[in-house]
Structure formats: C-alpha cells, structure tokens
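Engineer: sharing a sequence plus its predicted fold:
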Amino acid sequence: MSPLLAIATKDLTQLVRDRMGFFFTAIFPLVFGVLFGLIFSQGGGSAPEVRVALVDEDGSEASGAYADRVEAIGPLSVERFETRQEAEDTVRTGRRAAMVLIPGGFGEAMRDPFFGGEVSIEVAIDPSQPFAQGVIEGLLTQTLFTELIDRFQDPGRARELIANSREALIESDGLNPLQRALMGTVFNSVDDLLANVEAQQAGDIPADNLGRDEPGAAADAPGAFMPFEIAISDLRAEERPGPRNAFEITIPQANAWALMGCVIGFGMSLVIERSRGTLTRLRLSPVPRWQVLGGKALGCFITAVLVQAAMVVFGVLVFKVRVGDPAKLALAIGSAATAFVGVMMLLAVLGKSEGASEGIGRAVLLVLALGGGAGVPLAFMPSWMQSAASVSPFKWSILAVEGAIWRGYSWGELALPCGVLIGIGVVGFVLGAALFRWSND
Amino acid sequence: MVLRLEGIVKRFGKTVAVDGLDLHVHVGEVFGLLGPNGAGKSTSIAIATGLLSPDAGTVTVNGAGAPDHAEVRRLIGLATQQISLYEDLSAEENLEFFGRLYGIERTLRRRRAGQLLDRVGLTTRGTDRVSGYSGGMKRRLNLAAALMHDPPLVLLDEPTAGVDPHSRSALLDLVGSLKRDGKTVVYTTHYMEEAQRVCDRAAIIDHGRSLAVGRVDELIAAHGGRSVLTIERVESSERIETDDPMREIARHANAEGVIEVRLERPDLESVFLTLTGRSLRD
C-alpha cells in the first residue's frame, strides 16, 4: 500500500471511530440538506406566511367584505386589531411584518371607484422586513381588483356602480361640458351593455349579439386604469421609532453572528483545556468546580459583551446608527451575552474531542442562526418554522437589540426577549455545568 | 507519613487497573513507583491526587484526609505525564496564573516564579511563549508549575519522558534539590537507572499490585540476583555468577591468559526484570 493510501485509510478509520465526528462529517450534512430543502421547497406542511395586523377603521359592509378577502389571502397570516395603535405596536415590536389599515371612507369610496372618494389602503411595514412591502402591496392590489371585477361580473352590482358614478358625474364640478357629456355617454353605453347582459343571462337575448373587445388589451395598455391607492409607510416617520438607515437593522444581525464566533471559541477552549491537560491543573487546584466553570463563563460573557458593544460603537461612529436608549441597549447586550454563555457551556460538554466539539458547535449554531432569522428573514419561512424560531437565541438577541436601537421598546416590551435570553443562559449554564466532566475517562 | 494508600482498588470496566494497592510514603523521602507500562502507576498517582476516585480503599495525605478536599489538595504538587501548560502564554505567565489559582499574593507570586524559572534554567526564556519551547524546556516548566504553590508533597509522573540527556540530568538534579529542601517526592518511571539514582525507597508494581517495597539497596539485595563476573581470556570468555565478586576477582585477576575482568552488579533493572518478568507487554 502506498503511503498516500495508508494515510487516507488511517484518517478514515479515525473518522469512523470518532462517532461524533463521523456524525457531523457524514450524517449531519444530509440532515442539514433535508431540513433546509423542506423549508425552501415549502415542504413540511405549510407555506411561508407574512404575518399581518389588520385594522378596519371604516366598519362598513364593503370594508368588512374586503377585510374578509384579505384574511383569505393564502400567503398572509392575518390577525385583526381594533385600533391603529395596537396594530402598529405589533409591527414595531416585530411580532407582525406589516399593518394593513382600511381607513374610514373606504366603503363610501368603493360605491363609486371612478368619481367617488379615493379608495385607499394604508400599509405600515416593519423596516427589518422590507421584502414584505412588495408582497403585501401586490396581494392587496390583486384583492382590490378582484373585488372590483366581481362587482362588474355581477351585472346588477355593476349597474349600481354605474348609477352611483352617473350621480357623482352630475354633482362633479371639475369637468368641462364636453368631458361631462362624453362620460355620460360612456356610462349610458356601459349601462345599456350591462342591461343586455342581464337580459342575456335571463335568456332574452342570444349571447352572440354581445360585443367583445380584445381580452386583456386595456389592462396591458400603458397607463392602465388604476382606481386604488395603497399608501405604504415603514414606520420611519419622525414621530415614530424606526431605523434611520439600513445599518440599524444589520448591526443587530451582525451582533448575532459575532456571538456565534465567540461561543465557538470559548466552547472550544474548554475542550482544548481538557485534551491538553490544563484542566487537570485547574482541577488539582483548590479552586472549586463552580469557579472554574464560572471563570470560563465570565470570560465568554465579557467577550460577548465587548464584541457586541464594539459592533454598536462602530455602527454609531461609522454608519450613524442611532441608539434609541443606551440603558436598554446595555440590557439587551447583556441578556444576549448571557444566553450565548449558556449555549457555550452546553456545546462545550457535548463533544469529547476538539474536532467533535467544533463540528457540534458550528452545526448547532448554524441551524440556530438560520432558524432564528440571522440569515434568511423569518417571514420567508413556513409558519411552523417561524414558531420553532422561538427556541433560537439568535431570534431573541436580534429582537432585543433592535428593540433598544430602533424599535422603541418600552422596558416592559424589552422584558420578553431579555427574559427569554437570560432564561436560555441560565438553563444552558446549569445543564452544561451538570453535564461537565473533568476528563473523558 | 505524608501519603498513605490502603487497599486501593480501581476498575475500568472489566479491567482491574489497581488491585488492592498499599503504599506508605514517608516525610522527606524520594519514593519510586516503578513498573512496566500498564502496571497501574499513573492510575495510582491519579487516585493519590484525587483526580480519580478509588472503587475501594482510602487515601490520606499528610494525615489531613483525602485529596478530594481543597485544603488537602493544597499539599500536593503534580507534574503530569502529559505536559499541561498554556502554550499561548509565556513561562512567567503560566506560573503567575497557576500561582493565582492558589491565592498566592502578587509579590510572592512573582518572586517564586522567578526563583522557579531560575531553578529549571529558563530565566532567559521566561517571557517567551511556551509554544516555542523544546520538549525538554516544556518538561522543566511543567515541573516548575507543580511547585508554584510550594507543596510539601510532589508527585512526578514520568517527568523525563521524551527529553534529551541534558534536560533529563537537570530534572534529576532538581529532584535531588527538592529532597534537600525537605519535600517528599513520589517519582514514577520505567527508567530504572533514574530511579536508582534519585529514589530512597521504591515499590515495584505490576498488574496493579505491589510486588516489592523497600530501600533501593534492600530491593537489589533481595531480588537483584547474583553479581556476574565476566573473564575475558585470549581465546575464550567466561561468565561466573557469584555472591562474593571481590573474592572471585582476586582469584582470577592475576591468572595466566586473563586480559580483562568485568563485574556486573545487580541493579534495580535486574530487580525489575526479576519481579515483572522479561516478556514484552502490550
């Protein structure tokens, strides 16, 4: 056997004998591929959903019907709220990607989409999920057009619309006589046409006698008729909290990735100490076990805090990131650091060899990071994945830091993500300490 | 008695690593724990220092109790067979760190680190990172780290494994100086010439059991066998086993045709081979 083959055989034998290393080298990539394949192929039983808060300020029959249509849109997960403030708060605090508000006057405007009041829908977008804007705008426009088309497909409702418009035309004072006459002729012709359709549907006139235009021609024409306005805002108004620039959104995400590096480094250091014998010296010393582990945890905590603080300071100095409340940011950073200390402790005790530990650390953290929205926004994930993201400290650390930087969290609102993070940290540390062994024997 | 092991038993699965071992180490002596690979030396050391718990038996250090108590562990210094140092730190930083673990105050810590570096011949390299050290330098620093808290009982587990003759000699000299300082040293090795040079008493152990314990000269007398006299003549050679080599030398030295007389006295190695056998071990 050549030396090359001998070395390769030896390495493969070592790999197979290191069960944990073998799992993360050979098995985990398959699990990883299947998991994310399921996510992005919309598998796993549910499609991605954009979570929307819906408010009907109009309260009319038309707005109610439209709200029902919005609720029925597949890609939207709609929760209704009574007031704008409630709905905005859910978006601001990151619980919903957008607010859709049907303002007062919607029903009246829908009676005459041609000359009545403007049919408008207000949408407020979570700035950290800008992709949601396009998705929601498109879906709402489609829904409004569907509503209108349904009305025109019902000749009775369509003639009612034409009658309303004819009344509005008579009362309108912004048109010259020629325009008024022309529109009157159009409405009369459409009304005649609809009357013929009604008669045809009743069996009085053969269908061949109805005139037809080229299908889709009007819709495809440049400057096609657009009777609706969907007013988009992203909660960036001065009086509301919101990021002034993209870095206020990316800094919390960058923080999460920095924490990942910190956790892997410290988790590995404990394993390295064990494999290189220095842990034996620590054990022989009169220092109690909790102090040894606590010292490791403290080192990790300090590093995690410094890394996050450096990231924010860099953002403030270079990218003009605005910190909403430094005290809240300190709490958020401290909570995130606590959570990742717990994660570090757990990871440090799972692998016996340095290779296994590093493999476990990278694999687990990568899944938690991607599953927690540190890479792909959670709104792209299936609903079950969005729910499952709540176990990821990445999700909560991003939310807490965002809350302190630009979401304008109150102390009460900050309590949830920070509480979850501290809980993860405490549970992780206690479990890690309980599972910790001085040696692999 | 500085260290007392009574009826120690330790099993790893079906393997019995230590099988009813009794050891009594006296104050101020260098005690050799000798045996072939796998005899149970390192396991016994680990039990004596509290790194492993025995399945049966008791360990008492300095009459103060078992080494699982923090105050008892303060009495022990261990230089493990594996070099246990932080490679990214300098020698000074390593010693400072280990000193802090024992709560030694800063001034004393620095003074002691300097003294130990001088003692192991590393003063000029004290600020260099350990990762740049040779194997012998690391071994010497490994021993210095075990002495940082000035323990009365020092256990050295194969302290000369893999070092060059210069470092080996320095390490053996250091063991001698520890004895002169009044420390008690337990020294494990399978290099018999080292043990014979530094140990006052020794125990030969195999299969986790003590085969013989006593002063080195007593062990040799009891188990080393007879002296061997080799008489070289012009055309022949003769080996004579004898209990009185001086008389045999006198008888053959002036005989006709003898060109050389060599005497091989029994030593610890012959004791070792007599007691543990000459078969190879896995």
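Structural biologist: That came through, no problem.
Engineer: switch to C-alpha atoms for all contacts and neighbour counts from now on
Structural biologist: Noted.
Engineer: where does chain B dip in pLDDT?
Structural biologist: In the predicted model, chain B carries pLDDT under 70 at residues B:278-282.
Engineer: the strands in it, which residues?
Structural biologist: Secondary structure of chain B, counting by DSSP state E: strands at B:3-12, B:15-25, B:30-34, B:56-61, B:76-79, B:153-157, B:184-189, B:201-206, B:209-215, B:227-233, B:237-242, B:258-264.
Engineer: how many neighbouring residues does residue 162 have?
Structural biologist: Since no chain was named, I'll use chain A. 23 (other CA atoms under 10 Å in any protein chain shown).
Engineer: that answer is for a different chain, and I need it for chain B
Structural biologist: Close neighbours of B:Gly162, defined as other CA under 10 Å, add up to 12.
Engineer: now render the strands of chain B as CSV, adding mean neighbour count and distance to A:Phe247.
Structural biologist: Compiled in CSV, the strands of chain B are given as follows (neighbours: other CA atoms under 10 Å in any protein chain shown; distance: least, CA to CA, whole Å):
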stretch, mean neighbour count, distance to A:Phe247
strand B:3-12, 19, 57
strand B:15-25, 18, 62
strand B:30-34, 27, 66
strand B:56-61, 19, 62
strand B:76-79, 26, 53
strand B:153-157, 24, 57
strand B:184-189, 25, 62
strand B:201-206, 24, 68
strand B:209-215, 18, 69
strand B:227-233, 18, 87
strand B:237-242, 13, 90
strand B:258-264, 14, 83
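Engineer: tell me, how many residues neighbour B:Pro165?
Structural biologist: For B:Pro165, the neighbour count with other CA under 10 Å is 11.
Engineer: what about it, distance to B:Glu194?
Structural biologist: Distance, B:Pro165 to B:Glu194, by CA to CA, to the nearest Å: 12 Å.
Engineer: quick one on the thing from earlier: A:Leu431 is nearest to which of the strands of chain B?
Structural biologist: Closest to A:Leu431 of those is strand B:3-12 (CA to CA; 26.4 Å).
Engineer: got the residues of the stretch 1-150 of chain B near chain A?
Structural biologist: Within the stretch 1-150 of chain B, the positions near chain A by CA under 8 Å from any CA of the partner chain are B:49-51, B:69-71, B:73-74, B:82-86, B:101-102.
Engineer: tell me the buried residues within these.
Structural biologist: Buried by 16 or more other CA atoms under 10 Å in any protein chain shown: B:49-51, B:73-74, B:82-86, B:101-102, out of the residues of the stretch 1-150 of chain B next to chain A.
Engineer: give me the residue from the stretch 51-200 of chain A nearest chain B.
Structural biologist: Nearest residue of the stretch 51-200 of chain A to chain B: A:Ser128, at 41.9 Å (CA to the nearest CA).
Engineer: could you report the pLDDT at that residue?
Structural biologist: Looking at A:Ser128, its pLDDT reads 75.
Engineer: what helix or strand does the closest residue to it other than its chain neighbours sit in?
Structural biologist: Nearest residue to A:Ser128 in three dimensions, chain neighbours excluded: A:Ile249, at 5.9 Å (CA to CA, 6 or more residues apart in numbering or on different chains). Taking DSSP states H and E as the criterion, A:Ile249 maps to helix A:247-275.
Engineer: list phi and psi for residue 182.
Structural biologist: Defaulting to chain A. Dihedral pair for A:Leu182: phi -60, psi -50, per degrees, to the nearest 10.
Engineer: my bad, the chain I had in mind was chain B
Structural biologist: Residue torsions, per degrees, to the nearest 10, at B:Gly182 are phi 90, psi 10.
Engineer: A:Met110 against A:Gly64, yeah?
Structural biologist: No - with contact defined as CA atoms under 8 Å, A:Met110 does not count as touching A:Gly64 (12.0 Å).
Engineer: which one's more surrounded, these two?
Structural biologist: Neighbour count, other CA under 10 Å: between A:Met110 and A:Gly64, A:Met110 has more, with 22 against 16.
Engineer: let me know the pLDDT of the more buried one.
Structural biologist: Per-residue confidence (pLDDT) for A:Met110: 74.
Engineer: and what of A:Leu306?
Structural biologist: At A:Leu306, pLDDT is 88.
Engineer: so which strand or helix has it?
Structural biologist: Assessed by DSSP H and E, A:Leu306 sits inside helix A:289-319.
Engineer: what's the angle between the next helix or strand after that helix and helix A:247-275?
Structural biologist: Sequence-wise, the next helix or strand downstream of helix A:289-319 (DSSP H and E) is helix A:326-350. Relative orientation of helix A:326-350 versus helix A:247-275 (axes from the mean of the first three to the mean of the last three CA atoms, to 10 degrees): 30 degrees.
Engineer: in helix A:326-350, what counts as buried?
Structural biologist: So for helix A:326-350, counting by 16+ other CA under 10 Å, buried means A:328-350.
Engineer: which residue ranges form the strands in the stretch 151-300 of chain A?
Structural biologist: For the stretch 151-300 of chain A, strands defined by DSSP state E, counting those that start in this stretch occupy the ranges A:228-233.
Engineer: tell me which parts of it are close to chain B?
Structural biologist: Residues of the stretch 151-300 of chain A lying near chain B (CA under 8 Å from any CA): A:276-278, A:280-288.
Engineer: I'd like to know which of those residues are buried.
Structural biologist: For these, buried by 16+ other CA under 10 Å: A:276-278, A:280-287.
Engineer: got the contact list for stretch A:71-91?
Structural biologist: Contact with stretch A:71-91 is made by A:47-57, A:70, A:96-99, A:101, A:124-126, A:139, as judged by CA atoms under 8 Å, 6 or more residues apart in numbering or on different chains.
Engineer: for chain A, what is the nearest residue in the stretch 151-282 of chain B?
Structural biologist: Closest contact between the stretch 151-282 of chain B and chain A, by CA to the nearest CA, is at B:Pro151 (11.3 Å).
Engineer: can you tell me, leaving aside adjacent residues, what's nearest to that residue?
Structural biologist: B:Leu75 (4.9 Å).
Engineer: so who does the one you found touch?
Structural biologist: B:Leu75 touches B:61-62, B:151-153, counting by CA under 8 Å, 6+ apart.
Engineer: and what of B:Val216?
Structural biologist: Counting by CA under 8 Å, 6+ apart, B:Val216 has contacts B:196, B:199-202, B:268.
Engineer: rerun that using 6 Å as the cut-off
Structural biologist: B:Val216 makes contact with B:Arg201, according to CA atoms under 6 Å, 6 or more residues apart in numbering or on different chains.
Engineer: just A:Ala199 next, same as before
Structural biologist: By CA under 6 Å, 6+ apart, A:Ala199 has no neighbours at all.
Engineer: in chain B, which spans are helices?
Structural biologist: Using DSSP state H, the helices of chain B run over B:41-48, B:70-73, B:91-101, B:106-119, B:135-147, B:165-180, B:192-198, B:216-223, B:245-253, B:268-276.
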